[in-house]
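Chemist: this one's structure only:
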């Protein structure tokens, strides 16, 4: 690059009187050396001496060397002269690159452009690049129409069709200013993405670990007109972790549906955590005869790996009051966890529950896998609700080859009453494959007490279950629907059927002399028919299931928690995808023995690109529900 500068400015150098005087002195010295060599050579010829001839040759070489030194010094002087005049210009064909040390560490800024100009002055070195500019520095890449770098200050400015790639974020904007030393900057009119979320705003501040946008818009939908979005005055993005919005408005399509003081959107790889139901307030609208209409919100916060908090709040018309509850699940170290629940029913009063769990085996997991585990837990429930009090116990699990043993000494608060295990041991063998079926054997012994019923007794039990290998059948291949490749088109033929059979038997003996026997069999039939394209995904047109269960019982148990009832029922379920946007589903349960419909449920779902809205009606319980769930 120095040689290029020297050649392009040689004429201006010769025009400079100061450097002309320097070259004249050099020429005189060079000429003197050359004449000295000639004179010595002439004297050597007259004298015929070899030693004098050698000295003459050395003198000529010294003269040539001195001339080369003068040319190098002149080239360096050209650069200083050009600096005095203000600018040096490089014109590149597109394959060349300039490397600029911007004082931002060991890595320079590499610039490629159609034209690059270097300004030298009292303010330091300024580099300006125009036309197809591309610049890289560490994990920062910038392309623009114009770019300016203040080398000494370490400042970069880009404008005109600017594209900035920094780490995992990509942003297009009108102007980008960046401090190469501090790794901070500002963006005007940003529009870009980080993994899982697309954003745009009025301006954006860049910091090493976060991006802060003003008057921002954020969404996880990749459509040009997103089907949902969040608008906010201030949005802070912590790449690959979470997005925090202050006083955001949640929009579904073009309808504002929610305003909250603060919203945390977790980022899970290439998508937002809303798919798991976390990070956004879930609207809740329901009806049941006991509570009347219920309107409220649920919010799941998993922004921290060691803490999960769920908030629920609702107004119940028939109770004429509110029900609020918060649940926190925390882990404080290997094997140590706790669950805290606190709430208020305005018509009943406050309640609380605390569960502490200690897994002794997990605390020593670093020593290698263990064949046993010991878990201790304790829970306290307050309030007037059924089952209030202290519960908990110790449970140990051991794996001895194919045999799994579980021993427990605990107190459980069940809806049927308090139950004590004093203690109980259960054993289960790994499933055994016999003629294509999976056979499982299990049993147990223990002593139990139900203070509310005044019963205390031992119990021994044995059970066997057999699950057949699913039988899969396919009828017809079907052809593609007309208009294949369009939304709602797909395969209209082909029926896949799966048939399964499960049989089980159990017998229990009690210290009271009671014996309880039960035998059950379930036949299941599941089918899928056709498919269609729905928002770029393959969805089945029809999914149906039919289960028949028959259970016979003889004898009785002295305990309420161990009671088993006979069963003779059919359960059916069918889901039909009407088109890309709508799905209808119906589920029913019929009691053959009682000749009555035990339950009848209806579901209608309106599908969108990123979320579903589902309305539910449960006929027997007279319950209605409305749910919004994000799908991507």
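Modeler: Perfect, thanks for sending it. Here the structure is a predicted model, which means the values were calculated and not measured.
Chemist: residue contacts, the residue lying closest to residue 395 once chain neighbours are set aside?
Modeler: Leaving out its chain neighbours, the residue that sits closest to residue 395 by CB to CB, 6 or more residues apart in numbering is residue 408, at 4.5 Å. Where you see a C-beta, it was placed from the backbone N, CA and C, and this is true even at glycine. Neighbour list for residue 408: 393, 394, 395, 396, 421, 423, 424, 425 [criterion: CB atoms under 8 Å, 6 or more residues apart in numbering].
Chemist: buried subset of those residues?
Modeler: With burial judged by 16 or more other CB atoms under 10 Å, the buried subset of these is 393, 394, 395, 396, 421, 423, 424.
Chemist: work out the gap between the helix or strand containing the fourth one and the centre of the chain.
Modeler: Going back to what we said before, that points to residue 396. Using DSSP states H and E, residue 396 maps to strand 389-400. Strand 389-400 sits 35 Å away from the centroid of its parent chain (CA atoms, centre = their mean, to the nearest Å).
Chemist: helices and strands around it, which ones?
Modeler: Helices and strands touching strand 389-400, by 3 or more CB pairs under 8 Å, 6 or more residues apart in numbering; DSSP states H and E, are strand 372-381, strand 403-414, strand 417-429.
Chemist: domain map for the protein?
Modeler: Listed by automatic domain parsing, the domain ranges of the chain are 2-85, 89-259, 291-392.
Chemist: related to what we said a few turns ago, now do the residue nearest to residue 395 against residue 375, distance only.
Modeler: According to CB to CB, to the nearest Å, residue 408 stands 9 Å off from residue 375.
Chemist: which neighbours do those two have in common?
Modeler: 394, 395, 396.
Chemist: of the residues you listed, closest to residue 550?
Modeler: residue 395 (33.5 Å; CB to CB).
Chemist: show me where pLDDT drops low in the stretch 201-350 of the chain?
Modeler: 268-280, 303 (pLDDT under 70).
Chemist: repeat that with 50
Modeler: Along the stretch 201-350 of the chain, no part satisfies pLDDT under 50.
Chemist: quick one, strands of it?
Modeler: Remark: strands assigned in the stretch 201-350 of the chain by DSSP state E, counting those that start in this stretch are 203-207, 210-219, 228-238, 242-246, 249-252, 255-259, 262-268, 271-272, 282-288, 292-304, 307-316, 321-333, 336-345, 349-359.
Chemist: out of the ones you listed, nearest to residue 510?
Modeler: Nearest of those (CB to CB): strand 349-359, 30.7 Å.
Chemist: partner strands of the closest one, with direction?
Modeler: Here strand 349-359 is paired, per DSSP bridges, with strand 336-345 (antiparallel), strand 372-381 (antiparallel).
Chemist: which residues touch the last one?
Modeler: With contact meaning CB under 8 Å, 6+ apart, strand 372-381 is reached by 339, 351-362, 387-399, 413.
Chemist: which PyMOL command selects the buried ones in those?
Modeler: Buried subset of the contacts of strand 372-381, written as a PyMOL selection, criterion 16+ other CB under 10 Å:
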select buried, resi 339+351+353+355+357+358+359+361+362+391+392+393+394+395+396+397+413
